[in-house]
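In: Here is a sequence with its predicted model. Questions after.
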Amino acid sequence: MLPPVMALIISALVTAASLPVSRIISKRFGLEGVDIHKPEKPKIPKIGGLSLFTGITAGASAGLVLSGLYRDALALSLALTISAAIGLAEDFRELNPILKPFLVALAGLPIIMLGTYSPYPELPFIGKARLTILYPLLVLVGTAIVANAVNSIDVLNGSMALTSIASLSPLLSIGILYSKPDVVIISASMLASLAVFASQNFFPAKIFSGNVGSLSVGTAFAALAVIGGVEVVVLIALMPQIMNELHIILSMGGLRNAKNVVLRPVEVNGYSIKASVVRGAPITLVRLLTSLEPLTEKRVVYLLAYLCLYSGFLAFLTYALFMGGR
Amino acid sequence: MMNGWRSFQLLVVLLTIVWALFLSVSMILGLIISATLENPWSEGQFVRVFVGAAVFITWVVVWQKLAEIWLYDIMLRRRRDG
């Protein structure tokens, strides 16, 4: 019981302490983003996600070390460091959109090299599959997909933090109910860090996460899936985020820089967001949610979080009925 | 009233269909290719891997088509029809 509680407390404290530092660094290097969904278009410090990286790394590592899971702690810390470095590089200068997924996949390397995985993932109905040759490759691909999916949902004030918190709910429940200490420690740590960060990032945002934060959180999800052996649960829990990423890529006809896309998915009028009716504009979750009527930014974020809660429920159901929870 | 519940409900239905498809596809893939990949290569296994890949690609295409139908033929049409 002590390691998860320690992970939770350390993550919350380190995130809270790093937030002002992130703000200072953002201003010092001119890393400020325009909040395009507000009429006054304020400039907001944009690498607040540094606090998520430090908070999750510190808390989860401490919890894993206290549980004697030293290699897991090292693999997670290294994976988060690599993704945070890539995210930070992109916050300074836009990365090539085709190169980015390959770079993010590298964050999965520490997990493979330190051997903190089991190549027998559990599949619904089937049970454990034997994938000793393919699994390491799937870790790299999975890390790129999951990290970029979380990155793709970071479009509104608090959207990444709130949806991630909602997606963590089935993981924490499964970890507690089915005695998976590594799952409990990593998810408790992520939950605490994201909750503290959300207090500053929720509408109206005082700080943005930046790529450094969203890629770190996404990589933490991927590491949690692999280290905890809950790959399918994480994929289902993150279905809205993965759906968002997949539809953006397919509707744009491949990996493109969002800033170069002429057709925008939504129209912003004052404080309300309305879906574009133009065929060919990227299909995003925000566009789908605002397609029947215009909504406020705050409302869209709540609905996104509810969708992730529902997906989390489906993830829990899958585990409890068709997998190890039976 | 701008509360978005109707859109949310429609997306819950879409998410449920995608989840059911995911479960079916993961079961099919598990049955078709997981054991194949661990054994020495043969022509029969090539067919299994090919079928597995085709099932996966079909699922992704169906997922994308469903989202397009949901957006253009259901949700935006309802907005146009008032």
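Out: Great, that's in hand. Numbers count the residues shown, from 1 in each chain, chains lettered A, B, ... in the order given.
In: near chain B, anything from the least confident helix or strand in chain A by mean pLDDT?
Out: The weakest-scoring helix or strand in chain A, judged by mean pLDDT, DSSP states H and E, is strand A:127-128 (a mean of 86). No. Figure legend: strand A:127-128 not in contact with chain B (C-beta under 8 Å from any C-beta of the partner chain); closest approach 8.7 Å. Yep, even glycine has a C-beta here, placed from its N, CA and C like the rest.
In: May I have the next helix or strand after that strand as CSV, with CA atoms only?
Out: Using DSSP states H and E, the next helix or strand after strand A:127-128 towards the C-terminus is helix A:135-152. The C-alpha trace of helix A:135-152 is given here as CSV (Å, rounded to 0.1, in the frame of the first residue of the first chain):
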residue,chain,number,x,y,z
TYR,A,135,6.5,-8.4,-29.5
PRO,A,136,9.5,-6.0,-29.3
LEU,A,137,8.5,-4.5,-32.7
LEU,A,138,4.9,-4.1,-31.4
VAL,A,139,6.3,-2.2,-28.4
LEU,A,140,7.9,0.4,-30.7
VAL,A,141,4.8,0.6,-33.0
GLY,A,142,2.5,0.8,-30.0
THR,A,143,4.5,3.5,-28.3
ALA,A,144,4.4,5.7,-31.4
ILE,A,145,0.6,5.1,-31.8
VAL,A,146,-0.3,5.7,-28.2
ALA,A,147,2.0,8.7,-27.6
ASN,A,148,0.8,10.4,-30.8
ALA,A,149,-2.8,9.6,-30.0
VAL,A,150,-2.6,11.4,-26.7
ASN,A,151,-0.7,14.2,-28.4
SER,A,152,-3.5,14.6,-31.0
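In: At which residues are the helices of chain A located?
Out: A:2-28, A:49-66, A:70-92, A:99-105, A:109-113, A:135-152, A:159-177, A:181-201, A:210-228, A:231-237, A:239-251, A:285-289, A:297-322 (DSSP state H).
In: Check whether A:Val14 really touches A:Ala58, as I assumed.
Out: Yes. Counting by C-beta atoms under 8 Å, A:Val14 touches A:Ala58, with 4.4 Å between them.
In: returning to what we had before: deepest of the helices of chain A, which one?
Out: helix A:210-228 (a mean of 30; mean count of other C-beta atoms under 10 Å in any protein chain shown).
In: circling back to that earlier point, which outside residues touch the least confident helix or strand of chain A?
Out: A:Tyr120, A:Pro121, A:Glu122 (C-beta atoms under 8 Å, 6 or more residues apart in numbering or on different chains).
In: May I have the strands that pair with it, each with its orientation?
Out: Using DSSP bridges, the strands paired with strand A:127-128 are strand A:122-123 (antiparallel).
In: wait, what's in contact with the residue lying closest to A:Gly312 once chain neighbours are set aside?
Out: Among residues not flanking A:Gly312 along the chain, A:Pro170 sits closest, at 4.2 Å (C-beta to C-beta, 6 or more residues apart in numbering or on different chains). Listed by C-beta under 8 Å, 6+ apart, the contact set of A:Pro170 reads A:Val233, A:Ala237, A:Gly312, A:Phe313, A:Ala315, A:Phe316, A:Tyr319.
In: Looking at the residues you listed, which one is closest to chain B?
Out: A:Ala315 (8.8 Å; C-beta to the nearest C-beta).
In: Now do the same for the closest one: its pLDDT.
Out: Turning to A:Ala315, the model gives it a pLDDT of 97.
In: Touching, it and A:Ile236? I think so.
Out: Yes. Between A:Ala315 and A:Ile236 there is a contact under C-beta under 8 Å: 3.9 Å.
In: Could you tell me which residues of chain B lie near chain A?
Out: B:2-4, B:6-8, B:10-12, B:15-16, B:18-19, B:22-23, B:26-27, B:30-31, B:34-35, B:37-38, B:60, B:63-64, B:67-68, B:70-72, B:75-76, B:78-80.
In: Show me what stretch A:20-30 is in contact with.
Out: Against stretch A:20-30 from outside (C-beta under 8 Å, 6+ apart): A:Leu31, A:Glu32, A:Pro45, A:Lys46, A:Ile47, A:Gly48, A:Gly49, A:Leu50, A:Ser51, A:Phe92, A:Ile207.
In: which among these are in contact with chain B?
Out: Counting by C-beta under 8 Å from any C-beta, no member of those is near chain B.
In: Leaving out sequence neighbours, find the closest residue to A:Leu307.
Out: In space, A:Leu307 is closest to A:Pro240, 4.8 Å off (C-beta to C-beta, 6+ apart).
In: for that neighbour, what are its contacts?
Out: Contacts of A:Pro240 by C-beta under 8 Å, 6+ apart are A:Ile153, A:Thr163, A:Ser167, A:Leu285, A:Leu304, A:Leu307, A:Cys308, A:Ser311, B:Leu15.
In: check which helix or strand covers the last one.
Out: To tie it back to what came earlier, the one meant is B:Leu15. helix B:5-32.
In: thinking again about what came up before, could you turn the buried ones of the contacts of strand A:127-128 into a ChimeraX selection?
Out: In ChimeraX, a selection of the buried entries from these looks like this (16 or more other C-beta atoms under 10 Å in any protein chain shown):
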select /A:121,122
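In: and which of the contacts of strand A:127-128 is nearest chain B?
Out: Among the contacts of strand A:127-128, and counting by C-beta to the nearest C-beta, the member closest to chain B is A:Pro121, at 9.2 Å.
In: wait, doesn't A:Ser167 sit right on A:Ile236?
Out: No. Using C-beta under 8 Å, A:Ser167 is not in contact with A:Ile236; the gap is 9.5 Å.
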